[in-house]
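In: Provided below for reference: sequence and predicted model.
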Amino acid sequence: MISRKATDWILILIFLAAISLPLVVQLHGRAAGTEAHEKRQLAPLPARPLGLAELWQYPGKFAAYYGDHFGLRARLIRWHALMMYGLLNSSPSDKVLAGRDGWFYYADDYSLEDYRSLTPLTAAELERWRQVMEARQAWLARHGVQMLLVFACDKYVIYPEFMPAGYARRDGPYRLDQLVDYLRNHSRVNLISLRVPLEVGKDTDRLYHQTDTHWNDRGAYIGYREIMAALRLPMLFPTDFNPVERITEGWDLARMMGLNTDIQEEDRELVPTKPRRACVVEQDRPDPLWNNGRVVLEVPDPQLPKLVMFRDSFGSALVPFLAEHFRRSVFLWQYDFDPAVILREKPDFVVWLMTSRRLQWFTPVNPPLP
């Protein structure tokens, strides 16, 4: 029989081994980072301080480095995430909500404020939108360009039924609905809201990724269809695509939790029946999901019009759909309206797309319009 003193010593040794193991792993150079999960660059090892000012800052910089690189960090984070989600059905990240039936929602960037609709747009804010967009549309018209304002929808707008229990909405309208109604009733701004088409479309197919913030190909197709109809341009029909279901790792929300290899996604794609005509001619970096800050595609057909699109991340999945119909299409991940781009590109159409949650903080401004 082991004595009480021997038991205490065993527990002490186990404790010391547990707290020492990360350091041993780090000293052997086997510490793994988690940049892909956390979507940030981990703190680097600070250089040796050369003066009093650098010496004063060194402890904080080293603590940040050690906190990001200590041994077994990625593995411990994953174990914690698995316990949180597997045992409690709770997200280990404050940027992600674990919803019902395997659905996840983005909880950052004022998403929850938008979902709860606690702060409506004021009359002054609505009027500012009208003035800015009318001035922008008028300036573009003077240069022979047609403008289209497009509002996409965050996932909780289209699929509120899978939000976690306890996240109740106020009875008031979304800011999205407020703004669209105001502009339709008080201006001639050419605009579309994708809320109703997406709500109708979800009755026959899943339009958003369960483990991602964004719509899938099926949802993006509805956005593309509505944009092309508003521009009065010919479009591809559902029969021009083969619907494909493919099991993949979890997408961006699963990565934020460190569980992208543990939670799978059924990606519902639309694969064109014919080879795509549009080819990339400029891009800031290669990206298979079109999350470029700037990407330009061309189709060798001089009879087609030209497009400039200012957009956010919801525009990424639209790129391969829209680019097929323009001899040159420029996609810019920005909300800032840039007249220089318009004067240089001389497009026939300008599309400006924003997703609904951004209305919680974004105020439109026109630069000086030459």
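Out: Perfect, thanks for sending it.
In: hang on, Tyr115 packs against Tyr156?
Out: Yes. Counting by Cβ atoms under 8 Å, Tyr115 does reach Tyr156; the two are 4.8 Å apart. Heads up, the C-betas are built off the backbone N, CA and C, glycines and all.
In: can you pull the pLDDT of Asp258?
Out: Not Asp; residue 258 is Gly. Gly258 carries a pLDDT value of 84.
In: Unless I misread the structure, it falls within a strand.
Out: No. Per DSSP: H, G, I helix; E, B strand; the rest coil, Gly258 lies outside any strand segment and is coil.
In: Can you pull the residues that touch both of Tyr115 and Tyr156?
Out: Met163 (Cβ atoms under 8 Å, 6 or more residues apart in numbering).
In: how does this structure divide into domains?
Out: 30-71, 98-241+275-360 (automatic domain parsing).
In: Highest mean neighbour count out of those domains?
Out: Mean neighbour count (mean count of other Cβ atoms under 10 Å) peaks for domain 98-241+275-360 among the domains of the chain, with a mean of 18.
In: For that one, what does the pLDDT average out to?
Out: Computed over domain 98-241+275-360, the average pLDDT equals 96.
In: end-to-end on that domain?
Out: Domain 98-241+275-360 has an end-to-end distance of 22 Å (Cα to Cα, to the nearest Å).
In: so how far is that domain from its chain's centroid?
Out: Mean-position distance between domain 98-241+275-360 and its chain equals 12 Å (Cα atoms, centre = their mean, to the nearest Å).
In: give me the element Thr119 is part of.
Out: For Thr119, there is no enclosing helix or strand under DSSP states H and E.
In: Contact partners for it?
Out: With Cβ under 8 Å, 6+ apart, Thr119 has these contacts: Glu113, Gln360.
In: and if you look at Ser356?
Out: Residues near Ser356 by Cβ under 8 Å, 6+ apart: Asp114, Phe151, Ala152, Cys153, Asp154, Val157, Tyr174, Arg175, Leu176, Arg195.
In: and the residue nearest to it when sequence neighbours are not counted, what does it touch?
Out: In this structure, Ser356 finds its nearest non-sequential neighbour in Leu176, 4.2 Å apart by Cβ to Cβ, 6 or more residues apart in numbering. Leu176 sits next to Phe151, Cys153, Val157, Ser193, Arg195, Ser356, Leu359 when contact means Cβ under 8 Å, 6+ apart.
In: one more time with 7 Å
Out: Phe151, Ser193, Arg195, Ser356, Leu359 (Cβ atoms under 7 Å, 6 or more residues apart in numbering).
In: is it true that it lies in a helix?
Out: Yes. Counting by three-state DSSP, Leu176 is found in a helix.
In: Okay, it and Asn242: tell me how far apart.
Out: Distance of Leu176 to Asn242, computed by Cβ to Cβ, to the nearest Å: 33 Å.
In: related to what we said a few turns ago, distance to Leu307 added to the contacts of Ser356, as CSV?
Out: Compiled in CSV, the contacts of Ser356 are given as follows (distance: Cβ to Cβ, whole Å):
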residue, distance to Leu307
Asp114, 28
Phe151, 18
Ala152, 17
Cys153, 22
Asp154, 25
Val157, 26
Tyr174, 28
Arg175, 27
Leu176, 24
Arg195, 23
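In: Ile247: which of those residues is nearest?
Out: Nearest to Ile247 among those: Asp154, at 24.9 Å, using Cβ to Cβ.
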